[in-house]
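*Asks:* Predicted coordinates and the sequence they were generated for:
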Amino acid sequence: MLSDGIKHSGIIRFFEEISAIPRGSYNEKAIADYLVEFANKRGLEVYRDELNNVLINMPATVGYENTAPILLEAHTDMVCEKNNDIEHDFLTEGLELYEEDGWIRARGTTLGADDGIGVATMLYVLDGGIDEHPAIQCFFTSMEEVGMDGAKGFDYSRIFARTMFSLDGNSPDEIVVGGSGGIRTNVRMSSVWEEYEAEPVCISIKGLCGGHSGEDVHKGRANANKLMGYILLELSEKLSSDIRLVSLSGGSKDNAIPREAEAVVLCNDNKLISCVREIEKDIMETLSEEDKDFRIETSKKEKKIYRCLDAKSTENIICFISVITSGIIEMDKNISGVVEYSRNLGTMRTDEKGVEFVISTRSGYEHRVDGSVRELDALAKALGGVCEHHSKYPGWKYSKVSPLRDRYCKAYEKRYGKPPIVMVIHAGLECGVFTYHLPDLDIVSCGSVVVDLHSPDERLNKESIDRFFEVFADVIREK
């Protein structure tokens, strides 16, 4: 059983229960139904809004009636990524969990520990997992992974606690006390279609590591969409014949580093595949160890007349992919080792209208986010495209004074003999939305160890579940 060897086995039990419920972003009705039923069975006050946010209130235990209440928060939705060789319908099917070397994983898909383990921890608390505590509010938010729309639309007059644990952190040994803001951008490139006779070649990038576009951006992992742009640009320079795009695809989420990309191109130069092999060797020399499984696969189809983008449209699209900055743009000048400004070319897709790209921009400074909007507008306009910007969310500013941060550090050091790492991260957390509505809210973000978020390699460390919960419970019990 997955819960074997865990002191607080109820957390794993609840994690297994919610993992059986499909809960991708915009598909949170079933998990919200589960939470409401959970609260009703235990006689707890529950509120659910039209966005499928759920707030459950639990009264203080005897002796804690006058202790300040605490708010716990986690988001119910998950990023739905899978390996191409896996058949899985995230709209209707739960996850297949298994354990490997002390880590809990899902077979061929994302695990949803981001932020399912936070949800499970809160359910365990509401089920009596901490024997003594003040009044606790548990806020389960929806649509976090697609712009924090659930948190943005909540009625914050229902929140009376002014101390909050965001359980969207990824380690008990680290507490997060600040994060970036950001925005999503859809870029639609205007395209002209034509008929062209040639032998099509399918170029597929596979084997990259991928990961979270904010938390993993500093690790040097390659972006499959950017690599495809590089390949197509090199081909357009090396081949004697023009190339035409029949289709283009890559990535599946704007906030995940793309692991795979594919382009079908037309070209009457029979050296195309040999050129791809040369480019593959060049790329492999530049990749990190985590991307060691990178490869380019090619296949041909029969020569005939195909519908494709004309030369100018193809040129503009290749130029856009090649020129746009994706990855780290600037490091923080005040906090060593922290990424301050980044962009992720998350997805690209061909449809009847042409090609659409979806991009995620992150920065702790709102003027940087606004500047990125202007840059993307200018680039798209120069190449015949147009941008739609949406899902903007605020950053979470570091606070010099935080009693909760001090309490967690003290409890952690008392239990483990050393202080935890206090950090500001380059990832969007709902904490910025909360402090926008409740400026006096004192927040820290922490949790069990989860790695390789937003990819099928996502995994949850079992040992860390108890290690986190012990410190967390110590802080909750403190009067």
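*Replies:* Everything's here; your move. Numbers count the residues shown, from 1 in each chain.
*Asks:* And the helices in the stretch 351-479 of the chain?
*Replies:* With DSSP state H, counting those that start in this stretch applied, the stretch 351-479 of the chain shows helices at 366-382, 403-416, 431-437, 462-477, listed in chain order.
*Asks:* Only the C-alpha atoms, please, for the third one, written as CSV.
*Replies:* Coordinates of each C-alpha in helix 431-437 appear next as CSV, following Å, rounded to 0.1, in the frame of the first residue of the first chain:
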residue,chain,number,x,y,z
CYS,A,431,-0.5,34.4,-2.4
GLY,A,432,-0.2,37.5,-4.5
VAL,A,433,-3.9,37.4,-5.2
PHE,A,434,-4.6,36.9,-1.5
THR,A,435,-2.5,39.8,-0.3
TYR,A,436,-4.0,42.0,-3.0
HIS,A,437,-7.5,41.4,-1.4
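*Asks:* list the buried ones in it?
*Replies:* Judged by neighbour count (16 or more other CB atoms under 10 Å), helix 431-437 contains these buried residues: Cys431, Gly432, Val433, Phe434, Thr435, Tyr436. All C-beta atoms are positioned from the backbone trio N, CA, C, and that covers glycine.
*Asks:* Against Leu167, how distant is the nearest residue to Asp168 once chain neighbours are set aside?
*Replies:* Leaving aside its sequence neighbours, Asp168 sits nearest to Asp115 (CB to CB, 6 or more residues apart in numbering; 4.9 Å). From Asp115 across to Leu167, the span is 7 Å (CB to CB, to the nearest Å).
*Asks:* got it, and Leu111?
*Replies:* Going from Leu111 to Leu167 by CB to CB gives 16 Å.
*Asks:* higher neighbour count, the two?
*Replies:* Per other CB atoms under 10 Å, whichever of Leu111 and Leu167 has more neighbours is Leu111, with 27 against 24.
*Asks:* Now do the same contact list for that one.
*Replies:* Going by CB atoms under 8 Å, 6 or more residues apart in numbering, Leu111 touches Ser19, Leu95, Leu97, Ile104, Arg105, Val450, Glu458, Arg459, Leu460.
*Asks:* Can you dump the C-alpha atoms of stretch 339-347 in PDB for me?
*Replies:* Extracted in PDB, the C-alpha atoms of stretch 339-347 (Å, rounded to 0.1, in the frame of the first residue of the first chain):
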ATOM      1  CA  VAL A 339      15.300  34.500 -11.500                       C
ATOM      2  CA  GLU A 340      13.500  37.800 -11.800                       C
ATOM      3  CA  TYR A 341      12.200  37.900 -15.400                       C
ATOM      4  CA  SER A 342      11.400  35.000 -17.700                       C
ATOM      5  CA  ARG A 343       9.200  34.000 -20.600                       C
ATOM      6  CA  ASN A 344       8.100  30.500 -21.700                       C
ATOM      7  CA  LEU A 345       7.100  29.600 -25.300                       C
ATOM      8  CA  GLY A 346       4.700  27.000 -24.000                       C
ATOM      9  CA  THR A 347       2.600  25.800 -26.900                       C
END
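*Asks:* Quick one: mean pLDDT over that stretch.
*Replies:* If you average the pLDDT over stretch 339-347, you get 94.
*Asks:* now what about that stretch, what contacts it?
*Replies:* 180, 213-214, 217-218, 223, 225-226, 250-258, 321, 324-333, 357-365, 368, 372, 426.
*Asks:* got the buried residues for that stretch?
*Replies:* Residues of stretch 339-347 classed as buried: Val339, Glu340, Tyr341, Ser342, Arg343, Asn344, Leu345, Gly346, Thr347 (neighbour count, 16+ other CB under 10 Å).
*Asks:* which among those residues gets closest to Glu234?
*Replies:* Ranked by distance to Glu234 (CB to CB), the buried residues of stretch 339-347 are led by Leu345 at 17.6 Å.
*Asks:* so how far is Ser360 from the closest one?
*Replies:* If you measure Leu345 against Ser360 using CB to CB, the figure is 9 Å.
*Asks:* repeat for Thr110
*Replies:* As judged by CB to CB, Thr110 and Ser360 stand 17 Å apart.
*Asks:* which helices and strands sit right next to the helix or strand bottoming out on mean pLDDT in the chain?
*Replies:* Across the helices and strands of the chain, the lowest-confidence element by mean pLDDT, DSSP states H and E is strand 211-212, at a mean of 86. Judged by 3 or more CB pairs under 8 Å, 6 or more residues apart in numbering; DSSP states H and E, strand 211-212 is in contact with strand 256-257.
*Asks:* Now do the strand it packs on: distance to the chain's middle.
*Replies:* 7 Å (CA atoms, centre = their mean, to the nearest Å).
*Asks:* What of stretch 332-344?
*Replies:* That offset, for stretch 332-344, works out to 18 Å (CA atoms, centre = their mean).
*Asks:* strand partners of the helix or strand that Tyr47 is a member of, parallel vs antiparallel please.
*Replies:* Element membership for Tyr47 (DSSP states H and E) is strand 45-48. Using DSSP bridges, strand 45-48 pairs in its sheet with strand 54-58 (antiparallel).
*Asks:* Next secondary structure after the partner strand?
*Replies:* Next along the chain after strand 54-58, taking DSSP H and E as the criterion, comes strand 70-75.
*Asks:* Identify each buried residue in the next helix or strand after that following strand, please.
*Replies:* Remark: after strand 70-75, the chain's next helix or strand is strand 97-100, criterion DSSP H and E. For strand 97-100, the neighbour count (16+ other CB under 10 Å) marks Leu97, Glu99 as buried.
*Asks:* gap between the following helix or strand past strand 97-100 and the chain center?
*Replies:* Next in sequence after strand 97-100, counting helices and strands by DSSP H and E, comes strand 103-106. Here the centre of strand 103-106 is set off from its chain's centre by 18 Å, with CA atoms, centre = their mean.
*Asks:* Give the other helices and strands that strand 103-106 contacts.
*Replies:* Judged by 3+ CB pairs under 8 Å, 6+ apart, strand 103-106 is in contact with helix 9-19, strand 97-100, strand 459-461.
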